[in-house]
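[1] Okay, sequence plus prediction incoming.
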Amino acid sequence: EEIIFPPYDANQLRDILQERAKTAFKPNVLEETVIPLCAAYAAQEHGDARRALDLLRVSGELSERSKSAKVLEMHVRQAQDKIETDRIVEVVKTLPTQSKLVLLSAVMLNNIGDSNITTGEAYNIYKQMCRIIGIDILTQRRVTDLISELDMLGILNATVVSKGRYGRTKEIALSVPTESTSRVLFEDYRLKQLEGFRPPSQTKLYA
């Protein structure tokens with residue numbers, strides 16, 4: 001049965017971490033900023049004590065892996081990035097196939113150096129990939145909705161921009177590391193056959 005921790009503020013989280021540190025670490029191994037930083041990060045995450053304890057544990061593991069004599073502030077920052085990446089990877093695994101294809105189109109465009117990806121560009125690549133794997137092609141409006149959902153999940157960052165006489169479009173930027181995201185997407189047997197697919201370099205499409 002899952003244990004539910006009530007939300008805590010940074011000071012309470014600090015106390016919890018100090019108690020855990022007494023049993024989990026040797027004396028004077030933690031740099032003095034480590035516990036306050038773990039507490040501050042976790043307080044931002046709705047005061048989640050489990051997140052605070054995970055941060056401290058992963059910070060210790062990263063310190064050990066780097067053969068550092070102490071757990072340093074940089075290990076906490078690395079741990080925060082690692083936990084967030086792991087969380088997003090888990091979210092990506094559970095996405096429906098159509099959402100995975102939309103995300104993969106953004107990843108592929110990003111990989112060929114397109115940093116300002118428009119909805120129209122992503123949709124063109126998405127359609128090509130649907131044809132390759134024999135999946136129904138959604139309308140551009142529906143794909144735009146899926147992009148908004150990925151934005152809400154913290155996987156993409158979609159911003160509405162004006163293109164003058166071309167009207168308005170969404171520019172998409174990835175909020176996740178492309179390498180680990182690609183790896184997870186290609187674990188899906190339907191997307192596996194797209195591993196060798198490379199989108200053509202394209203002229204900007206303001207749609």
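    Good, I have the coordinates.
[2] CA atoms for contacts and neighbours, from now on please.
    OK.
[3] Got the domain ranges for this protein?
    Following automatic domain parsing, one finds the domains of the chain at 10-92, 95-194.
[4] May I see the buried residues of the helix or strand in which residue 50 is found?
    Residue 50 belongs to helix 49-65 when assigned by DSSP states H and E. By neighbour count with 16 or more other Cα atoms under 10 Å, helix 49-65 contains the buried residues 49-60, 62-63.
[5] sorry, back to before: among the domains of the chain, which is nearest residue 200?
    domain 95-194 (8.8 Å; Cα to Cα).
[6] Start and end of the closest one, how far apart?
    Domain 95-194 has an end-to-end distance of 17 Å (Cα to Cα, to the nearest Å).
[7] how deep is the closest residue to residue 70 other than its chain neighbours tucked in, by neighbour count?
    Sequence neighbours aside, residue 29 is the residue nearest to residue 70 in space, at 4.8 Å (criterion: Cα to Cα, 6 or more residues apart in numbering). Neighbourhood size, residue 29 [other Cα atoms under 10 Å]: 14.
[8] Which parts of the protein are helices?
    10-24, 34-44, 49-65, 73-93, 97-111, 119-133, 140-152, 178-186 (DSSP state H).
[9] Contacts only, for residue 88.
    By Cα atoms under 8 Å, 6 or more residues apart in numbering, the contact set of residue 88 is 154, 155, 176.
[10] re earlier: report the distance from the helix holding residue 50 to the chain centre.
    In terms of Cα atoms, centre = their mean, to the nearest Å, the centre of helix 49-65 is set 19 Å apart from its chain centre.
[11] Next, the angle helix 73-93 makes with it.
    120 degrees (axes from the mean of the first three to the mean of the last three Cα atoms, to 10 degrees).
[12] elements contacting helix 49-65?
    helix 10-24, helix 34-44, helix 73-93 (3 or more Cα pairs under 8 Å, 6 or more residues apart in numbering; DSSP states H and E).
[13] one step back: would you mind giving the helices of the chain as CSV with mean pLDDT and distance to residue 168 added?
    Below are these laid out as CSV (pLDDT from 0 to 100; distance: least, Cα to Cα, whole Å):
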stretch, mean pLDDT, distance to residue 168
helix 10-24, 95, 42
helix 34-44, 94, 34
helix 49-65, 95, 39
helix 73-93, 91, 28
helix 97-111, 95, 19
helix 119-133, 96, 10
helix 140-152, 96, 13
helix 178-186, 90, 27
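[14] what's the closest of those helices to residue 198?
    Closest among those, using Cα to Cα: helix 97-111, at 7.2 Å.
[15] Does the closest one pack against any helices or strands, and if so which?
    Helix 97-111 packs on strand 117-118, helix 119-133, helix 140-152, strand 168-174, helix 178-186, going by 3+ Cα pairs under 8 Å, 6+ apart.
[16] so which of those is the most packed in?
    strand 117-118 (a mean of 24; mean count of other Cα atoms under 10 Å).
[17] which other helices and strands contact it?
    Looks like strand 117-118 contacts helix 97-111, strand 168-174 (3+ Cα pairs under 8 Å, 6+ apart).
[18] mind giving me CSV with those and columns for distance to residue 128?
    Formatted as CSV, those follow (distance: least, Cα to Cα, whole Å):
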stretch, distance to residue 128
helix 97-111, 9
strand 168-174, 19
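[19] Lovely, talk soon.
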